[in-house]
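>>> dropping the sequence and predicted coords here.
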Amino acid sequence: MGHIHADRLRPNKHAIRRWNRYSARADDQYQSVLSWPRYSESADDFFLRIERRDFSSEAKIAFVQTIREVVTTYIEGPVANEELWKFLKCLLVIHFDFQNVEVSCDGEATCDRLRTLFTDDMENRARQLWGHLIAQAGRLVHVAGSVDLVSLRLRMRADGFVLSEPSSLRRRRSLLAVNHESQRALAEIKADIAGLRLHRKASIAAMREALQTARFIQLIGEPGSGKSALLKEFAEENARVGTIFGLKDARIQPKG
């Protein structure tokens, strides 16, 4: 954002009100003009194009000027073209139709996401929670308040909204369990002979190459030729960059 710092921002309700309505012009004019800074080599190049009336338009010019006025108001001083160009490169117009309550696609999508936070017998309370969150936000706006996730969840619980464990945390615990069992399975594979361990770089490279064109590969060879040891080395290498899922026949329970 150049020299535009967050600690210089000041709220301005008149500036904010300009942006609380959506129109088709946002896509036709504003969204397209915001792509120009990202594809301009410099601020001079961007403003040269935006100010050419045979190439730009009155709406695009007015939009950039409005942004300049808003930023100038927030930082309480003039903004240079270089700063404004960098600022515009960070902007994106996103359309939310929350104000149209009865037929809001975004509102319905939000309720669908909220349903995943409830236990199965309380999914019907997602819409009530959405209304509750809107009311909470309304109260905070009037006093310029703030709330963190922990206190918000405690407040929702006090108001009767008992939420299940977040899906992200459940996924993390599942990945940790998979990783733990995979490591235990790999630990059972003997990969050395009297403490000597061979590193077969050519075979590992061949496995990597095969996986570029196939999702499944099979290692074949005589018993004792080192298939399991090769698989273990390959798995340990990939475990450095992500979670692996290792299975071993003796560790799989039938119908488990």
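Yep, that arrived. Keep in mind that this is a model prediction, so the values were computed, not measured.
>>> can we go C-alpha only for contacts and neighbour counts from here?
Will do.
>>> pLDDT weak spots in this structure?
1-28, 98-103, 119-123, 164-170, 250-252, 254-256 (pLDDT under 70).
>>> as a quick check, tell me the outermost residue of it.
In the chain, counting by CA atoms, centre = their mean, residue 194 sits farthest out from the average C-alpha position, at 48.3 Å.
>>> which residues does it contact?
Residue 194 makes contact with no residue under the criterion CA atoms under 8 Å, 6 or more residues apart in numbering.
>>> and it, how close does it get to residue 112?
58 Å (CA to CA, to the nearest Å).
>>> and residue 57, by the same measure?
According to CA to CA, residue 57 and residue 112 sit 40 Å apart.
>>> only C-alpha atoms, please: export the longest helix along the chain in CSV.
In the chain, with assignment by DSSP state H, the single longest helix is helix 167-187. Backbone C-alpha positions of helix 167-187 (Å, rounded to 0.1, in the frame of the first residue of the first chain) are rendered in CSV as follows:
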residue,chain,number,x,y,z
SER,A,167,-14.7,-29.0,10.9
SER,A,168,-11.2,-27.6,10.4
LEU,A,169,-10.2,-28.8,13.8
ARG,A,170,-11.8,-32.2,13.2
ARG,A,171,-9.9,-32.5,9.9
ARG,A,172,-6.7,-31.6,11.6
ARG,A,173,-7.2,-34.3,14.3
SER,A,174,-8.0,-36.8,11.6
LEU,A,175,-4.8,-36.0,9.7
LEU,A,176,-2.8,-36.3,12.9
ALA,A,177,-4.3,-39.7,13.5
VAL,A,178,-3.7,-40.8,9.9
ASN,A,179,-0.1,-39.6,10.2
HIS,A,180,0.5,-41.4,13.5
GLU,A,181,-0.8,-44.7,12.2
SER,A,182,1.2,-44.3,9.0
GLN,A,183,4.4,-43.7,10.9
ARG,A,184,3.7,-46.8,13.0
ALA,A,185,3.2,-48.9,9.9
LEU,A,186,6.4,-47.6,8.4
ALA,A,187,8.3,-48.2,11.6
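>>> enumerate the positions of the next helix or strand after that helix that are buried.
With elements assigned by DSSP states H and E, the helix or strand that comes after helix 167-187 is helix 201-211. By neighbour count on 16 or more other CA atoms under 10 Å, the buried set for helix 201-211 is 204, 207.
>>> would you mind pulling the contact partners of helix 201-211?
For helix 201-211, the surrounding residues in contact (CA under 8 Å, 6+ apart) are 217, 230, 234.
>>> gap between it and the chain center?
Distance of helix 201-211 from the chain centroid (CA atoms, centre = their mean, to the nearest Å) equals 33 Å.
>>> check stretch 176-187 too.
Relative to its parent chain, stretch 176-187 has a centroid offset of 28 Å by CA atoms, centre = their mean.
>>> for it, buried residues please.
Buried-residue list, stretch 176-187, by 16+ other CA under 10 Å: 178, 179, 181, 182, 183, 185, 186.
>>> stretch 67-83 too?
68, 70, 71, 72, 73, 74, 75, 79, 82.
>>> ok, of those, which one's closest to residue 162?
residue 74 (40.2 Å; CA to CA).
>>> quickly find the element holding that closest one.
Applying DSSP H and E, one finds residue 74 within helix 58-75.
>>> now that helix, how far from the centre of its chain.
The answer for helix 58-75 is 29 Å, by CA atoms, centre = their mean.
>>> tell me how many other residues surround the closest residue to residue 198 other than its chain neighbours.
Nearest residue to residue 198 in three dimensions, chain neighbours excluded: residue 192, at 7.2 Å (CA to CA, 6 or more residues apart in numbering). As a burial measure, residue 192 scores 11 neighbours (other CA atoms under 10 Å).
>>> now residue 192: how far from residue 233?
11 Å.
>>> now render the buried residues of stretch 176-187 as CSV, adding distance to residue 126.
Formatted as CSV, these follow (distance: CA to CA, whole Å):
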residue, distance to residue 126
178, 31
179, 34
181, 36
182, 37
183, 39
185, 42
186, 43
